[in-house]
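[1] no sequence for this one, just the structure:
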């Protein structure tokens with residue numbers, strides 16, 4: 001009995017007993033510390049209330065770190081009990097190499113997705129042009145990005161295949177419009193009419209500034225091109241342009257300002273009857 005008790009005491013004070021406890025505790029503390037650092041970095045970088053994308057990447061990184069720590073702790077514990085971990089590491093290395101080759105494209109897409117999210121190139125709901133396709137971002141995952149065009153087409157692209165991105169939502173849009181008026185238009189009168197429209201244009205939803213009269217831009221074949229501009233919220237300029245054109249048409253009709261249209265002058269040549277030859281022989 002005393003011998004058994006002595007063996008138990010000896011085991012408790014041996015590395016085989018306290019070693020795994022220490023390794024598991026240290027591994028857990030390291031995981032918590034890294035987890036805390038990652039969370040602080042993400043919160044510092046993120047400026048929006050919606051953290052869905054950031055949460056996706058954080059959870060992925062946490063999972064990877066967690067399993068790496070678990071594998072290291074298990075291997076160290078096995079080494080403590082005298083297990084040869086070199087052969088295990090060799091097997092894991094070969095298996096990892098095979099898996100890496102099989103999922104090479106998947107890993108490329110995941111890394112590209114992580115960089116897109118961390119760089120904050122675009123968010124869900126943004127209107128962007130990716131490569132040659134323009135649309136609203138419906139989904140942004142670690143593998144693919146999904147866009148929907150204005151006419152309803154849905155475009156899905158692997159993140160690693162994204163070569164260029166134009167974001168139309170990040171900053172305000174300067175709407176520049178060309179107004180065609182007839183050559184007989186009094187430009188001073190035209191500018192007075194446009195100036196009267198400034199308060200109405202400013203009341204249009206999503207307009208951020210006053211209507212700016214830029215002046216005569218060019219002389220076309222049948223009209224004078226007069227430019228105007230107004231600052232709008234991102235991706236609202238199409239609707240605002242239609243509203244402004246409606247206001248301009250109504251005001252031009254009241255003030256008698258001509259909006260020219262293409263005209264064709266047709267000249268008919270009258271044939272001399274004396275030169276007309278008879279078809280009767």
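    Now that the structure is in, tell me what you want to look at. Only a predicted model underlies this, so the values are computations on that prediction, with no experimental measurement involved.
[2] Which helix or which strand is home to residue 134?
    strand 133-140 (DSSP states H and E).
[3] what lines up beside that strand in the sheet?
    strand 127-130 (antiparallel), strand 144-148 (antiparallel) (DSSP bridges).
[4] List the buried residues of the shortest one.
    If you call a residue buried by 16 or more other CB atoms under 10 Å, then strand 127-130 has these buried ones: 127, 128, 130. All C-beta atoms are positioned from the backbone trio N, CA, C, and that covers glycine.
[5] and what of the last one?
    When neighbours are counted by 16+ other CB under 10 Å, the buried residues of strand 144-148 are found to be 144, 145, 146, 147.
[6] returning to what we had before: quick one: contacts of the strand holding residue 134?
    By CB atoms under 8 Å, 6 or more residues apart in numbering, the residues outside strand 133-140 that reach it are 53, 113, 116-117, 122-128, 145-150, 153-155, 157, 168.
[7] rerun that using 10 Å as the cut-off
    For strand 133-140, contacts defined as CB atoms under 10 Å, 6 or more residues apart in numbering pick out 52-53, 56, 113, 116-117, 121-130, 145-157, 159, 166-169, 235.
[8] Write the ChimeraX selection for whichever of those residues are buried.
    Of the contacts of strand 133-140, the buried ones go into a single ChimeraX selection, burial set by 16+ other CB under 10 Å:
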select :53,56,113,116,117,121,122,123,126,127,128,130,145,146,147,155,157,159,167,168,169,235
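[9] Return the subset of the contacts of strand 133-140 lying in strands.
    Counted as lying in strands by DSSP state E, out of the contacts of strand 133-140, are 127-130, 145-148, 154-157, 166-167.
[10] Give me the below-cutoff pLDDT ranges for the protein.
    Where the chain drops to pLDDT under 70, the residues are 1-15, 42-60, 88-89, 91-103, 262-281.
[11] Where is the longest helix in it?
    Longest helix of the chain, by residue count under DSSP state H: helix 15-45.
[12] buried residues in that helix?
    Within helix 15-45, the residues that count as buried by 16+ other CB under 10 Å are 20, 23, 24, 27, 31, 42.
[13] Check stretch 206-215 too.
    In stretch 206-215, counting by 16+ other CB under 10 Å, buried: 206, 207, 211, 212, 213.
[14] which residues sit against that stretch?
    172-179, 187, 190-191, 194-195, 197-202, 204, 226-237, 239-240, 243-244, 247.
[15] And the residues you listed, which of them are buried?
    Counted by 16+ other CB under 10 Å, the contacts of stretch 206-215 give 173, 175, 177, 179, 190, 194, 197, 201, 204, 226, 228, 230-232, 235-237, 240, 243-244 as buried.
[16] Tell me which of the residues you listed fall in helices.
    Those of the buried ones among the contacts of stretch 206-215 mapping onto helices are 190, 194, 201, 237, 240, 243, 244, per DSSP H.
[17] Now do the same contact list for the last one.
    To tie it back to what came earlier, the one meant is residue 244. Residue 244 neighbours (CB under 10 Å, 6+ apart): 175, 177, 179, 197, 200, 201, 204, 207, 211, 228, 230, 237.
[18] ok, the first one touching residue 240?
    Spelled out, that is residue 175. Yes - using CB atoms under 10 Å, residue 175 is in contact with residue 240, at 6.1 Å.
[19] list residues touching both of those two?
    Shared contacts of residue 175 and residue 240 (CB under 10 Å, 6+ apart): 207, 230, 231, 232.
[20] and the last one, what does it touch?
    What it means is residue 232. Here residue 232 is in contact with 172-175, 204-209, 238-241 (criterion: CB under 10 Å, 6+ apart).
[21] how about a cut-off of 7 Å?
    Residues counted as contacts of residue 232 (CB atoms under 7 Å, 6 or more residues apart in numbering) are 172, 173, 175, 206, 207, 208, 240.
[22] OK, contacts around the first one?
    When the contact criterion is CB under 7 Å, 6+ apart, the partners of residue 172 are 208, 231, 232, 233, 234.
[23] can you put the residues you listed in a markdown table and add distance to residue 218?
    Formatted as a markdown table, those follow (distance: CB to CB, whole Å):
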| residue | distance to residue 218 |
| --- | --- |
| 208 | 27 |
| 231 | 23 |
| 232 | 24 |
| 233 | 29 |
| 234 | 29 |
